[in-house]
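K.L.:
Everything below, folded, please.
(one chain, ligands or ions: 1)
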Amino acid sequence: MTKITSALLATSLVASALLADGVILAQKTERDVTKLTPDSKAWGYVKGTTIHLYPQTALSMNDKRANALNEGLKAKEARVKAIYNSKNIAFLLEWPDGTRNIQRGYKSDVYADGFAVQFPVNYSNPQKLPYIGMGSDGRPVVIHLQKAVEKVYEPNGNGDVGMQQNILSKNIFGKATKEFARKVEKLAVKDYQRSFISEGFRSMTEIKDGSEKFDADMKYGDKEWKGTLVRPLKDSYLNLKGAFPVAFAAWDGARLNRDGQKMLSGWIPVKLVSQNGGEKLVSSLTAPVKGDAKHGKELIEQNGCTGCHHISGLSPKSYMAPGLDNVGGYSTAAYLRESLVDPSAVVVPGYNRNAHPNTPWYNVVDGKRQSAMPPYPLDDKSLDDMVAYLKTLKSEVK
Ligand code: HEC
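P.N.:
Next up, the predicted model:
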């Protein structure tokens, strides 16, 4: 066994004895992690953490076909591994997907499989993490996105020229074809490898100045994708140390997934093994939910929540407010509690304000978004019970 692998194995065993399930233990190594790909052997020596990806059912799209394809979806079980050194951290995400959907060239009528990894810029207060998937006002997130695309060789590297080669005419162009294939392998532009900074829906801004360096890769086989992401621990947006939250999203091209229509994890704590700190964050994100879910359900029916929100079995589909069917899967208990007592702290702005002008999800008052939801300043016990019920709202895992 090489040095890197035996060291990884040793720290992995020690750390996993100390920490609860649902924590990603990033193993420390002295080696360069920037070259890690989905195929790297090193991953075999790192303990994986099982996570769940839930269908994002808060919003539906203005696309009937896509909505129908995503109706009643189950959650997916995925696995995450992480390795870091003094400068960089690498993640491996493995998730099931029955079909490989690749975007070819610049056609926009085909939707690609893809994945994203997301970090809160500020995670010092685990009670006030950004809105999952998108960030929220004053609580930005950095999002790294990788979509599966066919490699395109572009001599000028500007992303605007597609070149074609007739690989069937081997007799005439055999040598040239080989040379071309070699160039494609080496020079191909990995389209759709992008970083964003986001403080909520429609505020997603691509970071184009190159200050947010990362590298990602995707590989398909055995009906699953493996994706890797490597990025610095520290740069001008993020400072990842001790323990910090991460979230993952996956898009399924076969279900016409794009934008907000995706599968999404909650905030998951990453612990940098052999670094101190972040205990508060880890315990907050892994604490069992207190409260009586059965009583919480009664309170939710009594308080008129279902008049605005869709919850399967309790209320019909609605444009009035986000659907809550998977809110327990991708939201923290702290976020759900805050949603009840202070709905305007994080506003989910809805998918199309103009499509349903009579039922906007928020209004702008003095330049600030004000939720259409009334606050519910109930007693602690009632809030605990309602949060406990909301945490049960999630699709079963396939
Ligand atoms: C008058 C309509 C209305 C009522 C009644 C209402 N809500 Fe809401 N709720 C909204 C709207 C609109 C939003 C989206 C804007 C925001 O984020 O505050 C929302 C957001 C939420 C969110 C965040 C959803 C997400 O996807 O992140 C939760 C959780 C929630 N409400 C739970 C409740 C519960 C529980 C009740 C009852 C105690 C309730 N709501 C009552 C309209 C309502």
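K.L.:
Just the pLDDT for residue 207.
P.N.:
Looking at residue 207, its pLDDT reads 87.
K.L.:
show me the contacts for it.
P.N.:
142, 195, 196, 197, 237 (C-beta atoms under 8 Å, 6 or more residues apart in numbering). Bear in mind the C-beta positions are built from the backbone N, C-alpha and C, glycine included.
K.L.:
For the stretch 251-398 of the chain, just list every one of the strands.
P.N.:
Remark: strands assigned in the stretch 251-398 of the chain by DSSP state E, counting those that start in this stretch are 263-264, 268-272, 362-365, 368-371.
K.L.:
Those residues of this protein touching the ligand, which are they?
P.N.:
Contact residues, the chain versus the ligand (C-beta under 6 Å from any ligand atom): 58, 300, 303-305, 307-309, 320-322, 327, 331, 336, 339-340, 343, 346-348, 361-362, 371-373, 376, 386, 390.
K.L.:
List buried members of these by neighbour count.
P.N.:
With burial judged by 16 or more other C-beta atoms under 10 Å, the buried subset of the residues of the chain next to the ligand is 58, 300, 305, 308-309, 320-322, 327, 331, 336, 339-340, 343, 346-348, 361-362, 371-373, 376, 386, 390.
K.L.:
number of nearby residues for the closest residue to residue 121 other than its chain neighbours?
P.N.:
Spatial nearest neighbour of residue 121, excluding adjacent residues (C-beta to C-beta, 6 or more residues apart in numbering): residue 140 at 4.6 Å. Residues lying near residue 140 (other C-beta atoms under 10 Å) number 21.
K.L.:
what do you get for residue 323?
P.N.:
Using other C-beta under 10 Å: residue 323 sits among 20 other residues.
K.L.:
Please tell me I have it right and it contacts residue 317.
P.N.:
Yes - counting by C-beta atoms under 8 Å, residue 323 does reach residue 317; the two are 7.4 Å apart.
K.L.:
pretty sure residue 76 is in a strand, no?
P.N.:
Yes - under DSSP: H, G, I helix; E, B strand; the rest coil, residue 76 sits within a strand.
K.L.:
For it, give me its contacts.
P.N.:
52, 53, 95, 96, 250, 263, 397, 398.
K.L.:
Identify the contacts common to residue 323 and residue 317.
P.N.:
With C-beta under 8 Å, 6+ apart, residue 323 and residue 317 have common neighbours residue 310.
K.L.:
ranges for the helices of the stretch 201-350 of the chain?
P.N.:
279-286, 293-302, 305-308, 327-330, 333-341 (DSSP state H, counting those that start in this stretch).
K.L.:
Many thanks, have a good one.
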